[in-house]
Structures are given as C-alpha cells and as structure tokens.
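J.: Predicted model and sequence follow; I will ask about them next.
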Amino acid sequence: MRTVVITGGTGLVGSALAELLLQERCRVIVYSRDLKHPPARPGLRYAYWDPAHGILEEDALLEAVVAELQAAGVG
C-alpha cells in the first residue's frame, strides 16, 4: 500500500484528491492548517502544519517515510 502525503487536503481540490487516492487503496496523510477537518477514517490521517510559524507535525511525515521504506524493502 502506497502512502501519500498531501498539503491543503481539506479544500475542494485536495479533498477530491484524497478521496481518489483512498479509492486507489493508498494510505493518505493530509497536512492542513485547518484544525476543523473532517474525522479521520481508515487509510486517512490528518496532521497539523502552519508554515508561517514553522509548525509541522513531524510524526506524520516520519510515519509516511517509514511506510515507504518498508514498502521498498529497506530496513
């Protein structure tokens, strides 16, 4: 299963992209500045970021990197 990280995934285009990726059986991590996002569900995780203030939920990004390395057979 591929893990895809997208930013702006709570807007019109980003949410449609997230849905499409979920239909393709991807695991999706959505970075959003909006704390009022839809509830997470299987295969979909939300993480907070605020680039203006240098805030990034690093554990979500690390989770994606580890998943991709495991899928590639590394580590």
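T.: Okay, I see it. Residues are numbered from 1 along each chain as shown.

J.: Quick check: which helices or strands does the helix or strand where Val65 lies pack against?
T.: Element membership for Val65 (DSSP states H and E) is helix 58-71. Judged by 3 or more C-beta pairs under 8 Å, 6 or more residues apart in numbering; DSSP states H and E, the packing partners of helix 58-71 are strand 3-7, strand 27-32, strand 44-50. C-beta here means a position set from N, CA and C on the backbone, and glycine is covered the same way.

J.: Please identify the deepest-packed of those strands.
T.: strand 27-32 (a mean of 22; mean count of other C-beta atoms under 10 Å).

J.: Sheet partners, orientation included, of that strand?
T.: Strand 27-32 sits in its sheet next to strand 3-7 (parallel), strand 44-50 (parallel), going by DSSP bridges.

J.: Please convert the ones you listed to JSON lines, extending it with distance to Leu56 and mean pLDDT.
T.: Formatted as JSON lines, the strands paired with strand 27-32 follow (distance: least, C-beta to C-beta, whole Å; pLDDT from 0 to 100):
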{"stretch": "strand 3-7", "distance to Leu56": "10", "mean pLDDT": "92"}
{"stretch": "strand 44-50", "distance to Leu56": "5", "mean pLDDT": "93"}
